[in-house]
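*Asks:* Need the 3D shape of this:
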Amino acid sequence: MKFSYNLSKLFGFPILAIQFLIIHSVSSLNLTNEYLNHKCFLDQGIYNSGSDYEDKLNTLLRNVRIANYDLTGFLRASRGHAPYSVTIMFQCRGDSYGSKCNTCGDKAVAGFRRKCPKIKGGIIWYDQCFLWVSEIGEEMPLNTNYKNMFSMYNPNNVRGDAKLFAKRAVDFFSELTLKVEKNTKISVILYAAGEKKLGKNTLYAMVQCVELTIDCKSCLTWSITKLFKNGDIKQGGRVLGSNCDQYMVA
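*Replies:* Residues are numbered from 1 along each chain as shown. Sure thing, here's the model as predicted:
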């Protein structure tokens with residue numbers, strides 16, 4: 001099942017995803033490595049060919065492509081010392097570990113080089129993963145900092161009572177958020193997904209936070225409100241970034 005999305009910029013720190021889809025069954029989901037969006041950190045400047053920065057960046061991006069993602073689809077690595085360091089963070093969707101994650105990693109590395117050539121930092125999102133690169137010699141911010149969030153929507157409206165659907169969908173997202181919160185005590189994989197019958201629609205929803213995020217629940221709770229803003233209730237949508245994600249199809 002493939003959807004045509006329209007991007008709309010929102011205020012917010014980049015989150016990994018909240019997503020929803022209206023489907024016949026979870027098995028009907030189409031997992032692709034489709035490019036979604038990117039942002040180049042132009043304020044970090046550019047690097048020269050053959051420079052020390054390029055050498056460090058190449059090493060880190062090579063690690064993204066060869067890492068073992070069988071147990072967790074997450075990688076964070078740095079080379080050098082501040083202020084001359086490079087840091088990368090890569091994470092796959094909670095249902096895309098192993099070879100699927102490696103394949104998306106290949107896409108993300110190639111896409112970052114193409115979209116942000118010679119730029120020291122940036123973020124790129126694909127359907128099953130995202131890649132974050134920065135010259136800043138410090139840990140990626142662990143607390144949600146709402147700057148670069150963006151949303152995507154299916155163009156079709158839901159069938160039946162749209163307002164009731166939105167209310168029940170938000171309740172379902174809250175249930176999934178609680179599951180993620182419990183997982184933080186026993187697992188580094190901050191991910192939950194499920195499906196629920198809502199009137200004439202079957203809802204598939206997914207929530208996920210980046211492994212390093214401290215305030216996962218706050219990030220997800222805030223981003224859920226962006227799915228149905230202005231009463232615009234569609235059959236599918238995402239809120240994405242680099243701290244948490246939500247995704248749904250109905």
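*Asks:* Report the distance from whichever helix in the chain runs longest to the chain centre.
*Replies:* With secondary structure taken from DSSP state H, the chain has its longest helix at helix 162-183. Centroid separation for helix 162-183 versus its chain: 18 Å, with CA atoms, centre = their mean, to the nearest Å.
*Asks:* Parallel or antiparallel, which strands does the helix or strand where Q91 lies pair with?
*Replies:* Secondary structure assignment for Q91, by DSSP states H and E: strand 86-92. Sheet pairing of strand 86-92 (DSSP bridges) gives strand 74-79 (antiparallel), strand 129-134 (antiparallel).
*Asks:* I'd like to know which elements the following helix or strand past it is packed against.
*Replies:* Remark: after strand 86-92, the chain's next helix or strand is helix 99-115, criterion DSSP H and E. Judged by 3 or more CB pairs under 8 Å, 6 or more residues apart in numbering; DSSP states H and E, the packing partners of helix 99-115 are strand 35-40, helix 52-66, strand 86-92, strand 122-126, strand 129-134. Every C-beta, even on glycine, is put in place using the N, C-alpha and C of the backbone.
*Asks:* model confidence over the longest helix of the chain, on average?
*Replies:* When pLDDT is averaged over helix 162-183, the result is 83.
*Asks:* Just the buried residues of it, please?
*Replies:* Residues of helix 162-183 classed as buried: A162, F165, A166, R168, A169, F172, F173, L176, T177, V180, N183 (neighbour count, 16 or more other CB atoms under 10 Å).
*Asks:* elements contacting that helix?
*Replies:* strand 15-22, strand 191-198, strand 201-209, helix 216-224, strand 244-249.
*Asks:* Point to the helix or strand of the chain where mean pLDDT is at its lowest.
*Replies:* In the chain, the helix or strand scored least confidently by mean pLDDT, DSSP states H and E is strand 6-9, which has a mean of 27.
*Asks:* Now do the residue of the chain positioned farthest from its centre against L60, distance only.
*Replies:* Going by CA atoms, centre = their mean, the residue of the chain most distant from its centre is G50, 31.7 Å out. Per CB to CB, to the nearest Å, G50 is found 17 Å from L60.
*Asks:* So E34 versus V109, what's the distance?
*Replies:* The value you get for E34 to V109, if CB to CB is used, is 16 Å.
*Asks:* Show the model's pLDDT score for the nearest residue to T87 once chain neighbours are set aside.
*Replies:* Among residues not flanking T87 along the chain, S78 sits closest, at 4.4 Å (CB to CB, 6 or more residues apart in numbering). For S78, the pLDDT comes out at 90.
*Asks:* Surely S78 and Y84 touch.
*Replies:* No - contact criterion CB atoms under 8 Å: S78 and Y84 do not qualify, at 11.1 Å.
*Asks:* Name the residue in these two with the higher neighbour count.
*Replies:* S78 (18 against 12; other CB atoms under 10 Å).
*Asks:* residues contacting the more buried one?
*Replies:* For S78, the contact set (CB atoms under 8 Å, 6 or more residues apart in numbering) comprises L60, S85, V86, T87, I88, G137.
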